[in-house]
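1. Everything below, folded, please.
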Amino acid sequence: MKNKNHSIEKYTVIVIIFVLSIVVFGVSVSYSFFSINVEGDKNVTPSQTAHFEVTSTINDAPAINAAELALIDSANYQTEAQKVEFSVTNSSTSDAKAKYTIELVEMSLTKNLASKYFKWALVVDGSTVETGDFADSSIAPEGTSDTTVVSNLSKALISEEDAITLDIGATDDLVFYIWLENDDSVDQIYLTNGDFSGKLSMKAVPTR
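-> All right, here's what the predicted structure looks like:
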């Protein structure tokens, strides 16, 4: 009996999870999201096949409509911050594990929100895997009240170097949080009247 040689094509699966639009203080927040099922099949020879299927479903998550994105303490972000919950599944019919990354793309923000106090966190299966902020001295110094919009930005939340591996037939449950960090020792009035928008993107590729 001949052994079958399995060859996995390097398909890149891109799933746009949701569209996020935030106006800070006097906030209008909306999420447009959808599910996508991406599948790659490649018949190299009659005895060589590869099948890779990753899905991400967020239809059941309610849209966020907040009247205000308030300043909160980071210790309370999992109970008080705005959030979106979604999942990533590697089908039981896949021939390979999946490695996936998460990124904010098509991002724009006003210069006053290029701040260490504008924060985010990503939780996977109940554990915080990454946290960060939007401070960027190449956009603006901390403390500016300039509300000029800077566009065409991106931010890696889970980078390729830290890509998460998902076994065949496994599902990860993720929560993305975003909030303004309270600091009683600082006058944070410059954070008001800011604007932020972006798309949260997931990319998955097959791996051994």
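2. now residue 151, what's its secondary structure?
-> strand (DSSP: H, G, I helix; E, B strand; the rest coil).
3. Pretty sure it sits against residue 105.
-> No. Between residue 151 and residue 105 there is no contact under CB atoms under 8 Å: 11.7 Å. No exception for glycine: its C-beta is placed from N, CA and C like everyone else's.
4. neighbour count winner among those two?
-> residue 105 (16 against 9; other CB atoms under 10 Å).
5. so what does whatever helix or strand that one lives in touch, helix or strand wise?
-> Using DSSP states H and E, residue 105 falls within strand 97-110. The helices and strands touching strand 97-110, judged by 3 or more CB pairs under 8 Å, 6 or more residues apart in numbering; DSSP states H and E, are strand 48-57, strand 82-90, strand 149-158, strand 164-166, strand 195-207.
6. can you tell me which of the ones you listed comes nearest to residue 72?
-> strand 82-90 (9.8 Å; CB to CB).
7. quick one: buried residues of stretch 80-89?
-> Residues 81, 82, 83, 84, 86, 87, 88, 89 are the ones in stretch 80-89 that count as buried (16 or more other CB atoms under 10 Å).
8. any chance of these in JSON lines, with pLDDT and distance to residue 128 too?
-> Shown next, in JSON lines, are those (pLDDT from 0 to 100; distance: CB to CB, whole Å):
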{"residue": "81", "pLDDT": "88", "distance to residue 128": "12"}
{"residue": "82", "pLDDT": "84", "distance to residue 128": "16"}
{"residue": "83", "pLDDT": "84", "distance to residue 128": "12"}
{"residue": "84", "pLDDT": "81", "distance to residue 128": "15"}
{"residue": "86", "pLDDT": "83", "distance to residue 128": "16"}
{"residue": "87", "pLDDT": "86", "distance to residue 128": "17"}
{"residue": "88", "pLDDT": "87", "distance to residue 128": "17"}
{"residue": "89", "pLDDT": "88", "distance to residue 128": "21"}
